[in-house]
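Peer 1: Got a predicted structure here, sequence first:
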Amino acid sequence: MSSSEFHYDAPHAVTRGFRLVALIGVILTLAGLFVSADRTWASILLVSYYLLALGLAGAVFIALQYVTGASWGVALRRIPEAMTLLVPIGGIGILSVLLLHPSLYPWSRPEVQHELPAFRHWWLGITFVRARAVLYLLIWIGFALALLRGSRKQDRDGLFAHTRTNVRISAAFLVAFAITFWLASVDWIMSLEPDFASTIFGMYNFAGLFVSGLAAMTLTVVWLQKRKPLNAVINRHHLHDCGKLMFAFSTFWMYLWFSQYMLIWYANLPEETGYYVQRLHGFWQPLFLLNLALNWVIPFFALLPKLNKQNAGVLTKVSLVLLAGRWLDLYLMIGPTPAGAQPRIGLWEFGCVATAVGLFGISFFRAFGSAPAVPIRDPYLAESVEYHA
């Protein structure tokens, strides 16, 4: 196999479309910063965290494939590899919020800081929060680059040693990721309500991260499967495994959602119940219920039959539902702090979403086109191409 046989360039119409969407989104976002700053900064935080999580999901998927010795995903590994470019893009958005508009976080105000318990007062010092954010991003980007470097070197020399090295890097990354992502979720999302505390919050956010990452990956796998050169290496059994993973992690998300809700309802502690009281009343309640439908009810019943997990049309629709559900889940975590009693979803939120969609498409196709569309000299590629579930 030569690398030129497996090179993919996205159609110009597609890349132009993503650039246009991104441009419209950026214009609306800039306008929103002048017209409704708090609301727009909250939306920037949401889409930045969303994109960052998609990138991290790509890195986690690659690492899990290496440490488990799974060969079925080798043929489509370049897709999650391309998604990792979203880590620095989302990270820039997170850092811009922490540097330019920290007042989005109530704990950044002196009157709130003085009322916090001693540990939270120390942990939520703005300089310390910023320093930790930079550290998390450096760790994630460093591991992602190391994994990609080994994969690219193997394209050139075909040495199995790169696979062994990436197994060790993946094991270290998964440990570092588990700790740092849990802390980052607390720092950037849970601390928007400094009185709220949930020990399951990091795990719950991981479930959302991974299922949305699987949805984005499946969406691109389905799209690329119909086009050269991936139409020669991806079969319905790969789609079946993508469907099984989405089904499993959507249910895992629901399990953690219920665990967090049930424990807080059962304990009935005032500092914890306030989080749900606001989201269960007024105009927030329909969104609260819709969140469950998008993230679990619809994917669960749609993917329950075996044949649906192999059906490209069903997988596309379920992926889109899960990606919309992830946005809504994050909106329910972030939105009530700046919005108050009534949710506000309009032009400024649309602008940030359009920017995120445009950046996803531009960065993905640029990264995907920078290397052969499959890892052509990976020792497990032939096994993956012949894969039957």
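Peer 2: Perfect, thanks for sending it. Numbers count the residues shown, from 1 in each chain.

Peer 1: Buried residues in stretch 88-107, which are they?
Peer 2: 88-91, 93-94, 97-98, 101, 104-107 (16 or more other CB atoms under 10 Å). Any C-beta I mention is one placed from the backbone N, CA and C, and that applies to glycine too.

Peer 1: ok, now stretch 212-224?
Peer 2: Neighbour-count burial for stretch 212-224 [16+ other CB under 10 Å]: 212, 213, 214, 215, 216, 217, 218, 219, 220, 221, 222, 224.

Peer 1: Now do it: distance to the chain's middle.
Peer 2: 12 Å (CA atoms, centre = their mean, to the nearest Å).

Peer 1: now do stretch 106-115
Peer 2: With CA atoms, centre = their mean, you get 30 Å for stretch 106-115.

Peer 1: and if you look at stretch 337-349?
Peer 2: Relative to where its chain is centred, stretch 337-349 has its mean C-alpha point 22 Å off (CA atoms, centre = their mean).

Peer 1: going forward, begin numbering at 545 instead of 1
Peer 2: Yes, from this point I'll number from 545; that puts the last item at stretch 881-893.

Peer 1: Now that stretch: buried residues?
Peer 2: Quick answer for stretch 881-893 (16+ other CB under 10 Å): 881, 882, 883, 887, 892, 893.

Peer 1: neighbouring contacts of it?
Peer 2: 572-573, 575-576, 579-580, 582-587, 648, 650, 736-737, 822, 826-828, 831, 875, 879-880 (CB atoms under 8 Å, 6 or more residues apart in numbering).

Peer 1: Next SSE downstream of the helix or strand hosting residue 882?
Peer 2: If you go by DSSP states H and E, residue 882 is part of helix 880-883. Note on helix 880-883: by DSSP H and E, the next helix or strand toward the C-terminus is helix 891-912.

Peer 1: Follow the chain on from that following helix and name the next helix or strand.
Peer 2: Counting by DSSP H and E, what follows helix 891-912 is helix 925-929.

Peer 1: for that following helix, which positions count as buried?
Peer 2: 925, 928, 929.

Peer 1: same check, this time on stretch 770-779
Peer 2: 773, 774, 777, 778, 779.

Peer 1: which outside residues touch it?
Peer 2: 549-552, 619-620, 765, 768-769, 856, 917-918, 925, 928-929, 931.

Peer 1: Now do it: distance from first to last residue.
Peer 2: Stretch 770-779 has an end-to-end distance of 10 Å (CA to CA, to the nearest Å).

Peer 1: Look up phi and psi at residue 645.
Peer 2: phi -140, psi 60 (degrees, to the nearest 10).

Peer 1: ok, now how distant is the closest residue to it other than its chain neighbours from residue 909?
Peer 2: Among residues not flanking residue 645 along the chain, residue 585 sits closest, at 4.3 Å (CB to CB, 6 or more residues apart in numbering). Plainly put, residue 585 is 29 Å away from residue 909 if you go by CB to CB, to the nearest Å.

Peer 1: ok, those two, which is more surrounded?
Peer 2: residue 585 (23 against 19; other CB atoms under 10 Å).

Peer 1: check contacts around the more buried one.
Peer 2: Contacts of residue 585 (CB under 8 Å, 6+ apart): 577, 641, 644, 645, 648, 882.

Peer 1: which one of the buried residues of stretch 632-651 is nearest residue 681?
Peer 2: residue 635 (4.2 Å; CB to CB).

Peer 1: Quick one: classify that closest one as helix, strand or coil.
Peer 2: Following DSSP: H, G, I helix; E, B strand; the rest coil, the label given to residue 635 is helix.

Peer 1: any idea how far it lies from residue 597?
Peer 2: 11 Å.

Peer 1: Name the SS class of residue 611, please.
Peer 2: helix.

Peer 1: show me the contacts for it.
Peer 2: 711, 714, 715, 718.

Peer 1: Quick one: residues contacting the first one.
Peer 2: Under the criterion of CB under 8 Å, 6+ apart, the neighbours of residue 711 are 610, 611.

Peer 1: Work out for me the element it sits within.
Peer 2: Counting by DSSP H and E, residue 711 is part of helix 705-732.

Peer 1: Which SSE is immediately downstream of that helix?
Peer 2: That would be, after helix 705-732 and using DSSP H and E, helix 745-769.

Peer 1: From the contact counts, what lies against the following helix or strand past that next one?
Peer 2: Downstream of helix 745-769, the next assigned helix or strand under DSSP H and E is helix 780-811. For helix 780-811, the packing partners by 3 or more CB pairs under 8 Å, 6 or more residues apart in numbering; DSSP states H and E come out as helix 745-769, helix 814-823, helix 842-847, helix 856-878.

Peer 1: Can you add distance to residue 614 and mean pLDDT and give those back as a markdown table?
Peer 2: Converted to a markdown table, the helices and strands packed on helix 780-811 look like this (distance: least, CB to CB, whole Å; pLDDT from 0 to 100):
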| stretch | distance to residue 614 | mean pLDDT |
| --- | --- | --- |
| helix 745-769 | 14 | 95 |
| helix 814-823 | 38 | 85 |
| helix 842-847 | 20 | 97 |
| helix 856-878 | 19 | 97 |
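
Peer 1: what does the model give residue 926 for pLDDT?
Peer 2: Residue 926 is assigned a predicted lDDT (pLDDT) of 88.

Peer 1: Now the closest residue to residue 908 other than its chain neighbours: which helix or strand?
Peer 2: Counting by CB to CB, 6+ apart, the nearest residue to residue 908 once its immediate chain neighbours are dropped is residue 626, at 5.1 Å. Using DSSP H and E, residue 626 maps to helix 622-627.

Peer 1: what separates that helix from the chain centre, distance-wise?
Peer 2: 13 Å.

Peer 1: who's in contact with it?
Peer 2: So helix 622-627 is contacted by 598-599, 601-603, 605-606, 691-692, 695, 757, 760-761, 764-765, 768, 907-909, 911-912, 915-919 (CB under 8 Å, 6+ apart).

Peer 1: For residue 890, give me the backbone phi and psi.
Peer 2: phi -150, psi -140.
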